[in-house]
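Undergrad: build me a model from this:
(2 chains)
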Amino acid sequence: MQLTPDETTVFTLWGLGINETIVNTWIIMALLTGASILVTRRLRPDVPPNRWRTTLEVIVTGIQRQIEEISPQSSRHILYFSGTLFLFIALSNLLLVVPGFTPPTSSLSTTAALALSVLIAVPLFGITRQGIGGYLKTYIQPSVIMLPFNIISEFSRGISLAIRLYGNVMSGAVIAGILLGVAPFFFPVVMDVLGLLTGLIQAYIFAILATVYISSATAIVKKPENKEEDR
Amino acid sequence: MSIDWVTVLAQIANFLVLVWLLKRFLYKPILNGIDSREAEIAEQMSEAARAQQKAEAAEADFEAQKQQLLADQAALAERVREQAQQQRDALLAEAREKLEQERQDTQAHLARERERFTTELYKASAETLYQLAGRALHDLADERLEEHIALHVVSQLAPLSEELAAAADNAEEAVANTHAPLPEGARQEVKAALQARVPGLPLRFATDDSQSPGLVLRIGSIQLDWTVDGYTDELVGLLEERLASGESGRVHDHGG
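TA: Numbering: from 1, shown residues only, chains lettered A, B, ... in the order given. Have a look, this model is predicted:
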């Protein structure tokens, strides 16, 4: 049983093997970008939004609302990052139902790449928001003793994100494959429906966790109020 | 289960590209569109609020004008009502005055009619009385009446002494006419009385059937009547005098 699409090389480009994970990722990127271009190419304020534009607006504003609920200091950059995470993972998991299509999220390389992206993005957002000094101070909060634990915590976040997403998506695909062999008529359909649900939930969880991590990194630690200064 | 680090790097690159693509073609257009639409809606809302304020101000102005108009209308109606009341009072006063004038005219007319009628009635009564008295005196007159009249003349001559004396200067005689011959005693009385006033003037007694019973004394140009007709004429004169003055007052007294 093939557990990851990394092992399937689709074609070779300049001596570099392009595996199925990357190709499927490009497909998803093309779908997302193409749909966005199609819907937003003739976007004008004086033209009433059609149903496709309304759909995209509902999705984008829904993501934005979720981010605002989590992070008081929400910005569009967090939306770009977390929203793209959600849309990419959700579409990847939804395409699980397409026969012959292996979601890129079922590759540990993809989930590790996404987790690494979060792992890199969190300090970047934190530094952008608080500056290098302010961000590094968060590692010695509440005391210097917590520094190694905070560092371990940062890395364990990325690892847990990667493993969680990979495990859920890959397990869904594996279970569907096994059930297809055992009972090929009824259970695979049920498992696919369940896989769609868990895929969406995983996308939601991944994006939400990434937002929470970014939000915690961008949260400014307030100093105790100095009454003399207030005067 | 293994991690292909080349794939990991490629996926990181893919993901970053996807972030840029979606930012460029999805998030920015959608969010900018939403923002511009919200701004447009906010502008329209503020425009609507301004229009509403303007409408409310216009409504308030209209209400004020309406209230002013109603107040003016009420004042005008009150003024017209007062004018109508005054005009009605004036018309009523004029009508009352006219009625009063007509009533006074009617009463004056009635008074005049009543006075005229009373006068006519008095006149008719006087005429009837005159006729009845004259008829009664004519019917009752006899020699004794004439004697009594003659004796009365004797008593009446005293105040006329001067007139008699003046008349006697141009007269040759005095003539005493009666309806029937006077008794001798009466003649002597009359003669003596005349002689006492006009000495030396002869007196002649005569009778005239056409004369009213009584005595008519002629001395020159003057004539003194003490006849029944003379008395009745005096009665008529008195009645007319009373009717002309005293009786009218009596009518008013009764009418008032």
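
Undergrad: what is the burial count for residue 12?
TA: Unless you meant another one, I'm taking chain A. By the criterion of other CB atoms under 10 Å in any protein chain shown, residue A:12 has 9 neighbours. (Glycine included, C-beta is placed from N, CA and C.)

Undergrad: wait, I meant chain B there
TA: 18.

Undergrad: what's the helix or strand for it?
TA: helix B:5-22 (DSSP states H and E).

Undergrad: other residues contacting that helix?
TA: By CB atoms under 8 Å, 6 or more residues apart in numbering or on different chains, the surrounding residues in contact with helix B:5-22 are A:6, A:16, A:19, A:21-22, A:25-26, A:29, A:32-33, A:36, A:80-81, A:83-85, A:87-88, A:104, A:107, A:109-110, A:112-114, A:116-117.

Undergrad: filter the residues you listed by proximity to chain B?
TA: Contacts with chain B within the contacts of helix B:5-22, counted by CB under 8 Å from any CB of the partner chain: A:6, A:16, A:19, A:21-22, A:25-26, A:29, A:32-33, A:36, A:80-81, A:83-85, A:87-88, A:104, A:107, A:109-110, A:112-114, A:116-117.

Undergrad: ok, back up a step: which PyMOL command selects the buried ones in the contacts of helix B:5-22?
TA: In PyMOL syntax, the buried subset of the contacts of helix B:5-22 is picked out as below (16 or more other CB atoms under 10 Å in any protein chain shown):
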select buried, chain A and resi 6+19+21+22+25+26+29+32+33+36+80+81+83+84+85+87+88+104+107+109+110+112+113+114+116+117
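
Undergrad: which ones among the contacts of helix B:5-22 lie within strands?
TA: In strands, defined here by DSSP state E, the members of the contacts of helix B:5-22 are A:16, A:19.

Undergrad: interface residues of chain B facing chain A?
TA: Near chain A, when you scan chain B using CB under 8 Å from any CB, you find B:1-12, B:14-19, B:21-23, B:25-27, B:29-31, B:33-34, B:36-37, B:40.

Undergrad: try it again with 7 Å
TA: Proximity of chain B to chain A, by CB under 7 Å from any CB of the partner chain, involves residues B:1, B:3-4, B:7-8, B:10-12, B:14-15, B:17-19, B:21-23, B:25-27, B:29-31, B:33-34, B:36-37, B:40.

Undergrad: all the strands of the chain, in order from the start?
TA: Going with chain A. A:9-13, A:16-19.

Undergrad: wait, chain B was what I had in mind.
TA: Assigned by DSSP E, chain B shows strands spanning B:174-178, B:203-207, B:214-219, B:222-227.

Undergrad: so which of these is the most packed in?
TA: strand B:214-219 (a mean of 23; mean count of other CB atoms under 10 Å in any protein chain shown).

Undergrad: chain center to that one: distance?
TA: Put simply, strand B:214-219 sits 58 Å off its chain's centre (CA atoms, centre = their mean, to the nearest Å).

Undergrad: partner strands of that strand, parallel or antiparallel?
TA: Using DSSP bridges, strand B:214-219 pairs in its sheet with strand B:174-178 (antiparallel), strand B:222-227 (antiparallel).

Undergrad: which of those has the lowest mean pLDDT?
TA: Note on the strands paired with strand B:214-219: lowest mean pLDDT is at strand B:222-227, with a mean of 84.

Undergrad: contacting residues around that one?
TA: B:149, B:152-153, B:163, B:167, B:211-217 (CB atoms under 7 Å, 6 or more residues apart in numbering or on different chains).

Undergrad: rebuild those as CSV, extending it with pLDDT.
TA: Below are the contacts of strand B:222-227 laid out as CSV (pLDDT from 0 to 100):
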residue, pLDDT
B:149, 82
B:152, 83
B:153, 81
B:163, 81
B:167, 82
B:211, 84
B:212, 81
B:213, 83
B:214, 84
B:215, 86
B:216, 88
B:217, 86
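
Undergrad: worst mean pLDDT among the strands of chain A?
TA: strand A:9-13 (a mean of 78).

Undergrad: so for that one, what gets flagged as buried?
TA: By neighbour count on 16+ other CB under 10 Å, the buried set for strand A:9-13 is empty.

Undergrad: quick one on the thing from earlier: in JSON lines: the strands of chain B, plus distance to residue A:214.
TA: Listed next are the strands of chain B as JSON lines, based on distance: least, CB to CB, whole Å:
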{"stretch": "strand B:174-178", "distance to residue A:214": "174"}
{"stretch": "strand B:203-207", "distance to residue A:214": "178"}
{"stretch": "strand B:214-219", "distance to residue A:214": "168"}
{"stretch": "strand B:222-227", "distance to residue A:214": "165"}
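
Undergrad: these: which one's closest to residue A:73?
TA: Closest of the strands of chain B to residue A:73 is strand B:222-227, at 156.7 Å (criterion: CB to CB).

Undergrad: for that closest one, the distance to its chain's centre please.
TA: With CA atoms, centre = their mean, you get 53 Å for strand B:222-227.

Undergrad: check stretch B:147-155 too.
TA: Centre to centre, stretch against its chain (CA atoms, centre = their mean), the figure for stretch B:147-155 is 58 Å.

Undergrad: show me what it is in contact with.
TA: The contact list for stretch B:147-155, computed with CB under 7 Å, 6+ apart, reads B:182-183, B:186, B:189-190, B:193, B:214-215, B:217, B:226.

Undergrad: pick out the residue closest to the middle of the chain.
TA: In the absence of a named chain, this looks at chain A. The centroid of chain A falls nearest to residue A:85 when counting by CA atoms, centre = their mean (2.9 Å).

Undergrad: ah, no, chain B please
TA: Note: chain B centre (CA atoms, centre = their mean) maps to residue B:101, 1.5 Å.
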